[in-house]
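**Student:** I would like the atomic coordinates for the input below:
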Amino acid sequence: MSPTDPPVDPLTPTAAAQAPNTLGTEPVPRVSLREVPEYELGDVIGRGGMGEVVLARDLRIGRDVALKRMRADQPTPELVQRFLREAKIQARLDHPSIAPVHELGYDSEGLPYFTMKRVVGITLAEVLERKHDRGQRALRAMVDVCQAVELAHARNIVHRDLKPSNIMLGDYGEVYVLDWGVARILGAPDDVGAPSSTSEDVGSLDGVTKAGALLGTPGYMAPEQARGEPVGTKADIYALGSMLFEVLCGEPLHPRGGGAIAATLSSAAASPAGRRPDRGIAPELDALCVAALSADPAKRPSARELADAIQGYLDGDRDVARRRDLASELSAAARAALERGDRAESMRTAGRALAFDPTSTTASTLVMSLVVDEPREVAPEVEAAIDAEEVMAARHRSRRAVLPYAAVFLIVPFLPFLHVANWSLLLGTFAAFAVMIGGAWLNVKVGLPAGPILVGHTVTVLFFSRLIGPFVITPIMLCAILLSATALPWVGRRWWAVALWTTVTVMLPFVLEWAGVMAPTWSMTPQGLVSSGSVFVPVQLQSTLLILGHLVAVVLVASYARRIGRDRAAAQRRLFLQAWHLRHLLPEQASGQAALAR
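**Tutor:** Residues are numbered from 1 along each chain as shown. Next up is the predicted model:
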């Protein structure tokens, strides 16, 4: 073109492809791909009904772009106009999920082309074919698609051919809505530039939109679109619902092939959960999909509402009303299980109710009652577990009993200064205490039944009473033994066993003395009670040892009692803290009704 040539409208194609410019007046420079090689063309990377997309290299700034050009060698003016409309519509929609248009022009043959950002990735259709890729990734993509469609609707543009093969997922998390070739501009006079009723498009069985009788792709087009009626933004919502159905179910809403249109026109709104109950589809997503597929366009939500609902699900904002209903049903089931006496099932069910609705007062009160209140009847397996825990505690106490038992051997260093009257009884006493020390060690290692332990205590008390008599120090020792013996599970739950053992242990020394089996160790005189024992001959040093032994016995018993009390206090403290934490974990309004608050 010479400088003297008259100006030419850069948007006006050759005579064979002239069409009015209805979307803007900004001039677009004409570029001849053959005469001005600004682009280096590569392979075809996509093909639609009237155009194809090739990979191109923009030699001017050194970037890869996608170049879309017309497939027909001599297209009609109407097809050219549609092609131009697609470029201008796509350029108007400045959204991260819509590929931006870089340049619009004509090649040396007068056919239009436009370049846009090159998108690298796979289509949503390919993602859905990979079973391991379905789920969160596809749902996240649906949020971006819905938001892009919402922008188009806000600018009075309807896509009219939304389907998984027109959604591209980039390699770095990008999501793009492609192929705006059959988009409609709402409110334009007679929809200027749109295809006429005699040359509208219909999607082929392979997903490529071709010339035919209807706009869109069977299986994804709305019922009103399938009937050939004028469509608005709600037609896109039906297509979005169809894609969401496929994401949730793993299969298309309508069958492929010629029956797709018939199925669209005859079928009511389908439920993904009803189609595939085995997939555990969330109730709110199921209801959302059913609403989007409503036969009445007015009842379908907007694209923004779809995006917000799906994003809410991804963020964990589940359907509150449904969750509360489920929590109520589970709370009732938990109470029924408790009435049957199945506390374990009641606890599990009440816990599930709290998981659905953490604010449920009914469920939280039931959980607190189950945890804090002691049941009237305890399951055998629970009793067994408690007994095992008590046995472990008894073994721990047996380790601490070694020192009080060993204290009797403190007499040994003083034996040279004492007059032993009966070595047999003294050695028997030492042997009894040695046996109890060994029994305590054995109980720590393997555990012993309550019977042998009680018998050993009785024999030990009997021999100890021979040292000083049954009224001096012996009662202190007996109290210490009772602290340990009553902590045994078998003994502690049988009052008669405690009473019987105590009576036998206390009375045995007196009975044996009265029967003449053992020598008397005490007597009543006008001056009072006299207790002398039958092992040592009374000497002055014995009085000092008696006072010292009395002090040592009291100190040892006090220390042993303190340790037992400290263990029980620590256990009670742990239980209280657990209950306190549980009370604050559950809803505050329920805490006042819990047993802990009482």
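**Student:** all strands of the stretch 451-598 of the chain, in order?
**Tutor:** Taking DSSP state E, counting those that start in this stretch, the strands of the stretch 451-598 of the chain run over residues 522-525, 528-531, 536-537.
**Student:** so which of the ones you listed comes closest to residue 410?
**Tutor:** strand 536-537 (14.4 Å; C-beta to C-beta). Every residue, glycine included, has its C-beta placed from N, CA and C.
**Student:** neighbouring strands - and their directions - for that closest one?
**Tutor:** When pairing is defined by DSSP bridges, strand 536-537 lines up against strand 419-420 (antiparallel).
**Student:** what sits against the residue lying closest to residue 501 once chain neighbours are set aside?
**Tutor:** Computed as C-beta to C-beta, 6 or more residues apart in numbering, the closest residue to residue 501 that is not its neighbour in sequence is residue 454, at 5.3 Å. Applying C-beta atoms under 8 Å, 6 or more residues apart in numbering, we find residue 454 in contact with 485, 491, 501.
**Student:** ok so, going back, ranking the strands of the stretch 451-598 of the chain by burial, who's on top?
**Tutor:** strand 536-537 (a mean of 18; mean count of other C-beta atoms under 10 Å).
**Student:** what does it rub up against?
**Tutor:** Strand 536-537 is contacted by residues 418-421, 467, 542 when judged by C-beta under 8 Å, 6+ apart.
**Student:** save the strands of the stretch 451-598 of the chain as a markdown table, and put in mean pLDDT and distance to residue 400 too.
**Tutor:** Output for these, formatted as a markdown table (pLDDT from 0 to 100; distance: least, C-beta to C-beta, whole Å):
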| stretch | mean pLDDT | distance to residue 400 |
| --- | --- | --- |
| strand 522-525 | 82 | 32 |
| strand 528-531 | 80 | 29 |
| strand 536-537 | 74 | 29 |
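**Student:** just send those back as TSV, with distance to residue 347 too.
**Tutor:** Compiled in TSV, those are given as follows (distance: least, C-beta to C-beta, whole Å):
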stretch	distance to residue 347
strand 522-525	59
strand 528-531	58
strand 536-537	62
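**Student:** in the protein, which helix or strand is least confident?
**Tutor:** One helix or strand of the chain scores below all others by mean pLDDT, DSSP states H and E: strand 201-203, with a mean of 38.
**Student:** check the residue nearest to residue 501 and give its pLDDT.
**Tutor:** Looking at residue 454, its pLDDT reads 85.
**Student:** before we move on, what about residue 3?
**Tutor:** At residue 3, pLDDT is 40.
**Student:** quickly find the element holding residue 398.
**Tutor:** Using DSSP states H and E, residue 398 maps to helix 380-406.
**Student:** list the buried ones in that helix?
**Tutor:** 390-391, 393-395, 397-398, 400-401, 404-405 (16 or more other C-beta atoms under 10 Å).
**Student:** now do the helix or strand where residue 436 lies and helix 380-406, the angle between them.
**Tutor:** Applying DSSP H and E as the criterion places residue 436 in helix 423-445. Interaxial angle of helix 423-445 relative to helix 380-406 (axes from the mean of the first three to the mean of the last three C-alpha atoms, to 10 degrees): 140 degrees.
**Student:** so which other helices or strands are in contact with helix 423-445?
**Tutor:** Here helix 423-445 touches helix 380-406, helix 450-468, going by 3 or more C-beta pairs under 8 Å, 6 or more residues apart in numbering; DSSP states H and E.
**Student:** helices or strands up against the longest one?
**Tutor:** Right, the one you point to is helix 380-406. helix 423-445, helix 474-485, helix 489-492, helix 540-585.
**Student:** so where's the stretch 401-550 of the chain shaky on pLDDT?
**Tutor:** 487, 489, 538-543, 545-546, 550 (pLDDT under 70).
**Student:** residues contacting the residue minimising distance to the centre of the chain?
**Tutor:** Centroid-nearest residue in the chain: residue 355, 9.3 Å away (criterion: C-alpha atoms, centre = their mean). Contact partners of residue 355, counting by C-beta under 8 Å, 6+ apart, are absent.
**Student:** what's the helix or strand for it?
**Tutor:** Using DSSP H and E, residue 355 sits within helix 343-356.
**Student:** check residue 231 too.
**Tutor:** Using DSSP H and E, no helix or strand contains residue 231.
**Student:** need the contact list for it.
**Tutor:** 158, 160, 184, 222, 224-225.
**Student:** do you know the pLDDT at the residue nearest to the centre of the chain?
**Tutor:** For residue 355, the pLDDT comes out at 81.
**Student:** thinking again about what came up before, let me know which of the helices and strands packed on helix 380-406 is tucked in deepest.
**Tutor:** Comparing the helices and strands packed on helix 380-406 by mean count of other C-beta under 10 Å gives helix 474-485 as most buried, with a mean of 19.
**Student:** how about the helices in the stretch 151-300 of the chain?
**Tutor:** For the stretch 151-300 of the chain, the helices defined by DSSP state H, counting those that start in this stretch cover 223-226, 233-249, 259-266, 272-275, 283-292.
**Student:** can you add mean neighbour count and give those back as CSV?
**Tutor:** Converted to CSV, the helices of the stretch 151-300 of the chain look like this (neighbours: other C-beta atoms under 10 Å):
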stretch, mean neighbour count
helix 223-226, 22
helix 233-249, 26
helix 259-266, 16
helix 272-275, 19
helix 283-292, 20
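**Student:** and those helices: which comes nearest residue 45?
**Tutor:** Residue 45 lies closest to helix 233-249 among the helices of the stretch 151-300 of the chain, at 22.4 Å (C-beta to C-beta).
**Student:** mind giving me the packing neighbours of the closest one?
**Tutor:** Secondary-structure packing of helix 233-249 (3+ C-beta pairs under 8 Å, 6+ apart): helix 124-129, helix 136-154, strand 157-158, helix 223-226, helix 272-275, helix 283-292, helix 303-314.
**Student:** got any ranges where the stretch 151-300 of the chain has weak pLDDT?
**Tutor:** Low-confidence segments of the stretch 151-300 of the chain, defined by pLDDT under 70: 188-214.
**Student:** so which of the helices and strands packed on helix 380-406 is nearest residue 75?
**Tutor:** Among the helices and strands packed on helix 380-406, helix 540-585 sits nearest to residue 75 (C-beta to C-beta), with 69.6 Å.
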